[in-house]
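Engineer: just a sequence and a predicted model for now, questions to come.
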Amino acid sequence: MKYAEIIKKMTIEEKAAFLSGKGEWQTREIDRLGIPSIFCSDGPHGVRKQAGTGDHLGLNESLPATCFPTAATVAGSWDTELGEAMGEALGEEAMALGVNVLLGPGLNIKRSPLCGRNFEYFSEDPYLSGKMAAAYVKGIQSKGVYACPKHFAVNSQELRRMAMNAVVDERTLREIYLTGFEIAVKEGHAKAIMSAYNEVNGTYANENKHLLKDILRDEWGFDGIVITDWGASNDHALGVAAGSNLEMPNPGLASARELIEAVSSGRISEKDVDERVDELLDAVMNLHNNALGKADTFDAKAHHEIARRASAESAVLLKNEDRILPLKKGAKVAIVGDFAFIPRYQGAGSSLVNPTKLETISGIVGDYDLQVVGMTPGYSRKGGDDEGLKKEALDIAVQADVVLYFFGLNEDSESEGLDRTHMRIPDNQIELLKELSEVNNNLVGVISAGSAIEMQWNTYFKAILHTYLSGQAGAGATLDILTGKVNPSGKLNETIPMNLQDTSCFGYYPAKERTSEYREGLYVGYRYYEKAGVPVLYPFGYGLSYTKFRYSDLEITETGISCTISNDGEVDGAEVVQLYVGLPNAAVFRPEKELKGFKKVFLKKGESKKVEILFDDKTFRYFNVKTNSWEVEEGDYEIKIGGSSADIRLTATCHRQGTTPLLPYSREKTESYYTGKVTNVSDAEFKELLGSEIPDGKWSGELSVNDAFCQMYYAKSGLARFAYKRLIAMRKRADESGKPDLNTLFIYNMPFRAVAKMTGGVVDMDMVRGIVKIVNGHFFSGISGVIGGYFRNRRLNREYEKKLKA
Ligand code: BGC
């Protein structure tokens, strides 16, 4: 152990207390031994350092920092060099604001377009997610700050996110839900990881030895610290034994006491505690030293420019008929849409950034060579009809050559703590669109939304630019693209399906019971649509440019491919060259093809460049559940190169030797996975895929400390059912307000045990058990547990404090 000398001097009370947080964001210092405290902050697309009262829900304001586009946006750039530049800027700001660990990036897989946090995640594809995450991590960590990729793992649903058991087979776990993290750790060298709220196959992610030890530390060689998501710890002792270092945010000393008890009863060993302390000490000491003498300012102007570049490179041009874009110089335009005045440039929740500056379309359109005939919000963000606004919009639309229509998902549609129930944008925005199309044919749509939406209305537009959530400099980036100053080069990091019913997990998502069954297996996003032959609106990897690219001269060697890309159009531009690999007639079921490499190339008009993409350890592998390791199936692999998953320009084959004769599946028993028709997987097939019984996720009627507050409709106690009704009323009020109420959503999805984990030691687990007894209808034994627990907890906390001060 690196810090054996210090650890020898620490009392068990100090060690145990050191392994959980102090307050919302900090670790505990131990002055006597010269151990400093470190500061953690969200987040993934901008630093959210709270100077005043801390919360993890984006409620209280934070210090100004650059609000970069969210991950869902930046992954549209497919540009790892950009990701690293953004990471560097994030790292610099973190350092300047006194933040040692930046809680991001988030790289959960977009299993369903409905997940409320998709705006914070990179992609439906693990390879793209991993590469982008590794780039952020490298950039952030190059400035002496630790990045903390999250939420490890299989956290793809917000509903009851802290009380959900993700039931997923080992192969899907490895290939879809872990590969991104693997890349962030192995290539990005992430020094921290955040364990997710949920259980994975019956064990909380934070207590999951398979995830935290076997895979993360032993297989991937992770040598950093595991931090729990805020309130994600269930049994701290089991967490520590499994490899988790820091319980956050502020369980008070109750968790520390549990840890000591677990050591004295032999449930876990002191060696486990010492190892976690050693790892955490390494982080704390390094981070503290890294920060010594560092600047406390950053170049806000330069970072604004990086945010603008990120936004410009990431927006995806979905449609451009009659080459309506770029707009002609001096074109007469009408600006319609509330988003042009009040941009939706970031999501809601823990990632909320207080921007250093905010551009709006209405505020800066005057800087461009356009003749603006008028500007109006056109519709109300609150929904419903507004005849006055509509009339204004139609009046200016008639006078314009082109109508620029700014629309998308409102603030309350997507948020941490909430999954969407549909993929539509508000009706009133579409109503107005239809009316606009009757007075002007030249409609250009600019969408703001953090995740995939249904777009049956795309026919009304001549051009559509999807800007996702484009950060504080998004307006300038958008106008740069519309006017041709920037040639769009973003490509979709997710498929836009025709409609929600077409998604592979439609019947399974979000799970309403205790378990979330990942029955669709590997078939997420394009992996599903291609295999099952389901048509989509815009395929994965798709995005238009103002120029044309030609692909030629594919060469393939043992180590990779090369080809030539030529810019045959009239303007400079960038192309994302994508490499997919498939194995026709595979013996082990698999998607038609999978993304295994990509490169973004910038080409002057008329220029050609040779592009090389190397194969890596992931190119041909699949996870074999029989040998319990990565294997290669023998066969002639198809190597497909193109500008999107549906636009393959060059193909070649290459042979690979097999690595094992052991085949993991019987085709008769897993037929759906061979055809890809996975929307109705039978129990028998899912059981076969899992290799074990499907856990019973139904409620028995009795609630436990791990059930969420929103399950109180099962409560036997009238008091609890009354509390439940109040909660529902609060939720309804919040839903109607037009802005997500994170506090209510958090409580709604929170399990009882989290009360003990997030109240700074005022409530301990004995008291929580008392509360649950009351909920289950045992009022008297419950209330005496709560009262007795309160006094016992107070006394024990005081005694502990004394020992720490001694
Ligand atoms: C979120 C994390 C975040 C943490 C701290 C949690 O609710 O899930 O992503 O980092 O709060 O704000």
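Structural biologist: Arrived safely. Since the model is a prediction, treat every value here as computed from it, not as a measurement. Residues are numbered from 1 along each chain as shown.
Engineer: buried set for the helix-or-strand element of the chain with minimal mean pLDDT?
Structural biologist: Between all helices and strands in the chain, the lowest mean by mean pLDDT, DSSP states H and E belongs to helix 742-749, at a mean of 82. Buried residues in helix 742-749, defined by neighbour count with 16 or more other C-beta atoms under 10 Å: 742, 744-749. The way it works is simple: take the backbone N, C-alpha and C, and place the C-beta from them, glycine included.
Engineer: which one of those residues sits closest to the ligand?
Structural biologist: Sorting the buried residues of helix 742-749 by distance to the ligand puts Phe746 at the head of the list, at 7.1 Å, by C-beta to the nearest ligand atom.
Engineer: please work out which residues outside stretch 168-180 touch it.
Structural biologist: Contacts of stretch 168-180 from elsewhere in the structure, counted by C-beta atoms under 8 Å, 6 or more residues apart in numbering, are 107-109, 122, 126-127, 129-130, 133, 153-154, 156, 200-201, 215, 518, 521-522, 524, 618, 622-625, 628, 630, 664, 689-691.
Engineer: same thing with stretch 661-669?
Structural biologist: 171, 587-589, 624-627, 673-674, 684-685, 688-689.
Engineer: let's go with 6 Å and repeat that
Structural biologist: Here stretch 661-669 makes contact (C-beta atoms under 6 Å, 6 or more residues apart in numbering) with 587, 624-627, 674, 688.
Engineer: just the buried ones from those residues?
Structural biologist: Neighbour counting over the contacts of stretch 661-669 (16+ other C-beta under 10 Å) leaves 624-625, 674, 688 as the buried ones.
Engineer: quick one: low-confidence parts of this structure?
Structural biologist: Within the chain, the set of residues satisfying pLDDT under 70 comprises 54, 56-59.
Engineer: kindly list the longest helix within it.
Structural biologist: Of all the segments assigned as helix in the chain under DSSP state H, the longest by residue count is helix 779-805.
Engineer: for the ligand, what's its nearest residue on the stretch 501-650 of the chain.
Structural biologist: When distances are taken as C-beta to the nearest ligand atom, the stretch 501-650 of the chain approaches the ligand most closely through Pro510, which lies 16.0 Å from it.
Engineer: now that residue: closest residue in space that isn't a chain neighbour?
Structural biologist: If you skip the residues right next to it in sequence, Pro510 has Leu159 as its closest partner in space, 4.3 Å away by C-beta to C-beta, 6 or more residues apart in numbering.
Engineer: thinking again about what came up before, in helices only, show me the contacts of stretch 661-669.
Structural biologist: Secondary structure defined by DSSP H assigns 674, 688 of these to helices.
Engineer: residues from the stretch 101-250 of the chain in reach of the ligand?
Structural biologist: Counting by C-beta under 6 Å from any ligand atom, the residues of the stretch 101-250 of the chain lying close to the ligand are 103, 150, 229-230.
Engineer: who wins on neighbours among those?
Structural biologist: Neighbour count (other C-beta atoms under 10 Å) singles out Leu103 as the most crowded of those, with 29 neighbours.
Engineer: wait, that residue touches His45, no?
Structural biologist: No - Leu103 is beyond contact range of His45, at 11.4 Å (criterion: C-beta atoms under 6 Å).
Engineer: can you give me the strands in the stretch 301-450 of the chain?
Structural biologist: Read by DSSP state E, counting those that start in this stretch, the stretch 301-450 of the chain holds these strands, from start to end of the chain: 316-320, 332-336, 371-376, 402-408, 443-448.
Engineer: tilt between the longest one and strand 371-376?
Structural biologist: Relative orientation of strand 402-408 versus strand 371-376 (axes from the mean of the first three to the mean of the last three C-alpha atoms, to 10 degrees): 30 degrees.
Engineer: related to what we said a few turns ago, C-terminal to the least confident helix or strand of the chain, what's the next element?
Structural biologist: helix 753-757 (DSSP states H and E).
Engineer: Cys40 reaches Val101, doesn't it?
Structural biologist: Yes - under the criterion of C-beta under 6 Å, Cys40 makes contact with Val101 at 4.2 Å.
Engineer: now do the contacts for the closest residue to Gly378 other than its chain neighbours.
Structural biologist: Once flanking residues are discounted, Gly378 sits nearest to Ala393: 3.8 Å by C-beta to C-beta, 6+ apart. Counting by C-beta under 6 Å, 6+ apart, Ala393 touches 336, 376, 378.
Engineer: among those residues, which one lies nearest to the ligand?
Structural biologist: Comparing every one of these with the ligand (C-beta to the nearest ligand atom), the shortest separation belongs to Gly378, at 34.6 Å.
Engineer: the closest one is in contact with Leu432, isn't it?
Structural biologist: Yes - proximity of Gly378 to Leu432 meets the contact threshold set by C-beta under 6 Å, at 5.4 Å.
Engineer: OK, contacts around the most centrally placed residue in the chain?
Structural biologist: Using C-alpha atoms, centre = their mean, the residue of the chain that lies closest to the mean C-alpha position is Tyr121, 2.6 Å off. In this structure, Tyr121 makes contact with 71, 106, 108, 110, judged by C-beta under 6 Å, 6+ apart.
Engineer: let's go with 10 Å and repeat that
Structural biologist: Taking C-beta atoms under 10 Å, 6 or more residues apart in numbering as the definition of contact, the neighbours of Tyr121 are 44, 70-72, 75, 105-111, 115, 129, 133, 150-151, 155-156, 180, 450-451, 493-494.
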